[in-house]
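Chemist: generate a structure from the sequence data that follows.
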Amino acid sequence: MDTGNPRLYGGTARAALFTLLLMASSPLWALSVFINELHYDNIGADRDEGIEVAGPAGMDLTGWQLLLYNGGNGKHYAFPLTLTGRIPDQGRGAGTLALRTAGIQNGPADGVALVDAQGVLLQFLSYEGVFTAVDGPAAGLASTDIGVQEDGATPLGWSLQLQGEGSRYQDFHWVAAARSFGGVNRGQVLGQGAVIPTPLPGGWLLMLSAVSALLGFSRLRTREMPERGCPLPGPV
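Modeler: Prediction:
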């Protein structure tokens with residue numbers, strides 16, 4: 001690349017800085033989509049198995065996937081569960097989408113991975129133990145045990161789900177409770193009302209830093225000739 005052309009180089013730098021500014025102030029960067037509820041085992045034959053995700057209302061999850069992992073061999077099994085559509089607003093600017101599916105393994109140490117439409121792994125959770133994936137988007141990574149589990153004595157109509165208040169996964173904790181697939185969980189306050197969406201903390205600081213860098217770069221380039229290596233005469 002010819003960095004001696006101040007218009008080309010300066011324009012590229014300005015475009016990059018402008019992109020950073022948009023990222024700093026973008027509301028979606030402050031929010032996350034995460035696994036919110038899970039059911040895989042109960043008394044008698046397994047019924048109403050499924051997985052639910054939660055996130056900011058209006059976010060399009062078309063092409064996102066949930067991959068089921070077998071902790072015994074570290075491989076994902078069955079076909080990926082594909083999400084589609086936008087997250088509904090179920091209050092406070094956030095909501096949930098649920099997928100029902102049969103055949104989720106009952107453990108020990110099985111798991112599920114959440115992957116976005118670009119194939120980026122966002123979450124890798126397990127139940128009844130920890131294991132390391134050997135294939136798929138979670139290959140080489142250890143799972144995070146959610147700390148609660150189901151078994152053959154779990155009542156019908158129950159699930160494992162998040163409770164607490166907030167808009168990020170770390171704001172909540174896992175419990176066993178009556179299932180609520182397709183809606184906000186009992187004991188959960190999801191979202192932050194009128195302040196959702198909100199910019200990332202420090203977004204304004206990043207914006208000011210980028211503007212300062214842009215101004216400094218512009219002053220530097222005005223002191224150079226169009227041809228590389230030929231400074232303008234005058235005091236430095």
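Chemist: mind listing what residue 154 touches?
Modeler: Taking CB atoms under 8 Å, 6 or more residues apart in numbering as the contact definition, residue 154 lies against 41-43, 176. Backbone N, C-alpha and C define where each C-beta goes, glycine included.
Chemist: at 7 Å instead, please
Modeler: Contacts of residue 154 were listed using CB atoms under 7 Å, 6 or more residues apart in numbering, and they are 41-43.
Chemist: can you show me the helices along this protein?
Modeler: Across the chain, reading from the start of the chain, the helices by DSSP state H fall at 6-25, 203-221.
Chemist: what's the spacing between residue 98 and residue 153?
Modeler: As judged by CB to CB, to the nearest Å, residue 98 and residue 153 stand 24 Å apart.
Chemist: these two - which one has more neighbours?
Modeler: Neighbour totals were compared for residue 98 and residue 153, and residue 98 leads with 18 against 8 (other CB atoms under 10 Å).
Chemist: mean pLDDT lowest for which of the helices of the chain?
Modeler: Mean pLDDT values for the helices of the chain show the minimum at helix 6-25, a mean of 45.
Chemist: give the ChimeraX command for selecting the buried subset of the contacts of residue 154.
Modeler: Those of the contacts of residue 154 that meet the burial criterion (16 or more other CB atoms under 10 Å) are gathered into one ChimeraX selection, given here:
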select :41,42
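Chemist: pLDDT below threshold where in this structure?
Modeler: 1-31, 193-236 (pLDDT under 70).
Chemist: and it, split by domain according to the record?
Modeler: Listed by automatic domain parsing, the domain ranges of the chain are 1-26+202-236, 28-195.
Chemist: of those domains, which stretch is the most buried?
Modeler: domain 28-195 (a mean of 18; mean count of other CB atoms under 10 Å).
Chemist: wait, what's in contact with residue 86?
Modeler: For residue 86, the contacting residues are 58-60, taking CB under 7 Å, 6+ apart as the criterion.
Chemist: change it to 10 Å
Modeler: 55-62, 95, 97 (CB atoms under 10 Å, 6 or more residues apart in numbering).
Chemist: what does residue 138 give?
Modeler: Each residue near residue 138 by CB under 10 Å, 6+ apart is listed here: 67, 69, 74, 76, 111-115, 121, 123-124, 131-132.
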